[in-house]
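**Student:** model the following, please.
(chains A, B, C and D)
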Number of protein chains: 2
Amino acid sequence: MNEFNFKSYLINAAAISEEQATELYDKLQKKKYEKGSILLNKDAICSNSFFVEKGLLRSYRLGDDGKEHIIQFAPENWFIVDRSSVYFNDPSDSFIEAVEDTEVVLLKENFFATANKISPVFGQFNDKLLHNHIRQMQKRINLLLGATAERRYLSFIEMYPDLLLRVPQWMIASYLGITPESLSRVRKDLAKKNFKPSK
Amino acid sequence: MNEFNFKSYLINAAAISEEQATELYDKLQKKKYEKGSILLNKDAICSNSFFVEKGLLRSYRLGDDGKEHIIQFAPENWFIVDRSSVYFNDPSDSFIEAVEDTEVVLLKENFFATANKISPVFGQFNDKLLHNHIRQMQKRINLLLGATAERRYLSFIEMYPDLLLRVPQWMIASYLGITPESLSRVRKDLAKKNFKPSK
DNA sequence: CGTCGAATTGATGTCATTCAACTACAGTGG
DNA sequence: CCACTGTAGTTGAATGACATCAATTCGACG
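**Tutor:** Coordinates of the predicted model:
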């Protein structure tokens, strides 16, 4: 059993009883992916959410300029999914890929909808996830609208300190919307200014 | 009765029966705001959603640089709300302001939750609104990550052609994350390239 | 008619990109 | 075990996109 398994997540974060969580969890499909493998391809219809029990995923898309833009990272205890694709049944415009060897729980598109019939707690919890997602996206928009590369990077460190050590620098740059070269220079400047991300 | 009233919106967009819609609608509070008035202040807790029946609202926040960044426009038939503030009971970090004289329907924070008890259709509809919101935000993030000022502007025209004529240019610039001067130049270039936004 | 904010234009500055070269290092196969 | 290769990261110089600052024009409204 993993340190971060979906069952204890349900109990703790979603306030679901241990019996219900156990019953649900045992029915769910688990899967392992090797580093570098693709969990969702562009143009496919996303029919699962993934809950990460171990490892690290990322979702990204190709911009009109042909460059990768990283949408989200998902380390342990996070969900990742193309919600638009799931909900609207649209072909996805993004990829999901394993950054490390990763173990996930697969949640079919209707997981929360059907679980909601067992207990309304699930519906409420999904609602909470949606709102968290919106809040997080809004923060990101705020940063992209106003902040310099340096402030975006600092805010990234603050929000995802654990990822710093696990994600290659060029992916962080891609997430921030800058080039790897620029990020390298930002880091150099910060070092000069005597900044240490406690690593 | 307005051309765009919440009642017909409920019937058409939310697939709610005419009787239920009528019953609900008559209980709801309506309000008028003059151009320039503030519907929600920063640091206040947002306790309403607003549905615009007539006029135009915008929400915006002040960046760390002290500049306004526009988060959203809401013309007729749109909702506007600081969802994070409503859902998490956080003080809002944004403002909502009337760009034109505007008539709104006020939806208390628990409108959909309580309406859900009348019919699950309301819950489903709110879910749809949340997913639409997420999809729209994702599009915006994609643009901010990759696109030049010009492509952002073109995409704005495509998505909100009606707003072009109603919103002052500096607000569009603010929404796009560029300065009014830059937008002016972008437009000049487009004009030279013989581009006409069919106006 | 005079005032004020919106929009345009020009000159200049700044931040980030681009392109290219170079280093460091991990993985591969001889 | 060592050379070979490819990818990540760094650095420099030139370029480009957008910002800033300042001056001017335009148009709405009292």
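**Student:** list the buried residues of the strand or helix carrying A:Glu103.
**Tutor:** According to DSSP states H and E, A:Glu103 maps onto strand A:102-108. Buried residues in strand A:102-108, defined by neighbour count with 16 or more other CB atoms under 10 Å in any protein chain shown: A:102-105, A:107. From N, CA and C alone the C-beta is placed, and that goes for glycine too.
**Student:** for chain A, what spans make up the helices?
**Tutor:** A:6-13, A:18-27, A:83-88, A:111-118, A:120-146, A:149-159, A:169-176, A:180-192 (DSSP state H).
**Student:** before we move on, back to that, let me know the angle separating the strand holding A:Glu103 from helix A:111-118.
**Tutor:** 60 degrees (axes from the mean of the first three to the mean of the last three CA atoms, to 10 degrees).
**Student:** tell me which parts of chain A are close to DNA strand D?
**Tutor:** A:168-170, A:180-181, A:183-185, A:187-188 (CB under 7 Å from any atom of the strand).
**Student:** swap the cut-off to 6 Å and go again
**Tutor:** A:168-170, A:180-181, A:184-185, A:187-188 (CB under 6 Å from any atom of the strand).
**Student:** from these, which are also near DNA strand C?
**Tutor:** Okay, of the residues of chain A next to DNA strand D touching DNA strand C (CB under 6 Å from any atom of the strand), that's A:Glu181.
**Student:** as CSV, the residues of chain A next to DNA strand D with distance to B:Gln138 would be great.
**Tutor:** Listed next are the residues of chain A next to DNA strand D as CSV, based on distance: CB to CB, whole Å:
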residue, distance to B:Gln138
A:Pro168, 24
A:Gln169, 24
A:Trp170, 22
A:Pro180, 24
A:Glu181, 27
A:Ser184, 28
A:Arg185, 29
A:Arg187, 28
A:Lys188, 32
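**Student:** can you name the two of the buried residues of strand A:102-108 that sit furthest apart?
**Tutor:** Maximum pairwise distance among those (CB to CB): 15.1 Å, between A:Thr102 and A:Leu107.
**Student:** stretch A:81-90 and chain B, are they touching?
**Tutor:** Yes - applying CB under 8 Å from any CB of the partner chain, one finds stretch A:81-90 touching chain B at A:83-84, A:87-88.
**Student:** may I see the buried residues of that stretch?
**Tutor:** Within stretch A:81-90, the residues that count as buried by 16+ other CB under 10 Å are A:81-87.
**Student:** could you do stretch A:51-70 as well?
**Tutor:** Counting neighbours by 16+ other CB under 10 Å, one finds that the buried residues in stretch A:51-70 are A:51-61, A:63, A:68-70.
**Student:** from those, which shows the smallest pLDDT?
**Tutor:** On pLDDT alone, A:Gly63 ranks lowest of the buried residues of stretch A:51-70, at 90.
**Student:** how close does that one sit to A:Val186?
**Tutor:** Distance, A:Gly63 to A:Val186, using CB to CB, to the nearest Å: 21 Å.
**Student:** find the centremost residue of chain A, please.
**Tutor:** A:Ala74 (3.0 Å; CA atoms, centre = their mean).
**Student:** ok, the residue lying closest to it once chain neighbours are set aside to A:Pro161 distance?
**Tutor:** Nearest non-adjacent residue to A:Ala74, counting by CB to CB, 6 or more residues apart in numbering or on different chains: A:Ile80, 3.8 Å away. Separation of A:Ile80 from A:Pro161 (CB to CB): 19 Å.
**Student:** looking at those two, which is more packed in?
**Tutor:** Set A:Ile80 next to A:Pro161 and count neighbours by other CB atoms under 10 Å in any protein chain shown: A:Ile80 wins out with 23 against 12.
**Student:** quick one: contacts for the nearest residue to A:Tyr87 once chain neighbours are set aside?
**Tutor:** Spatial nearest neighbour of A:Tyr87, excluding adjacent residues (CB to CB, 6+ apart): B:His131 at 4.4 Å. Going by CB atoms under 8 Å, 6 or more residues apart in numbering or on different chains, B:His131 touches A:83-84, A:87-88, A:130.
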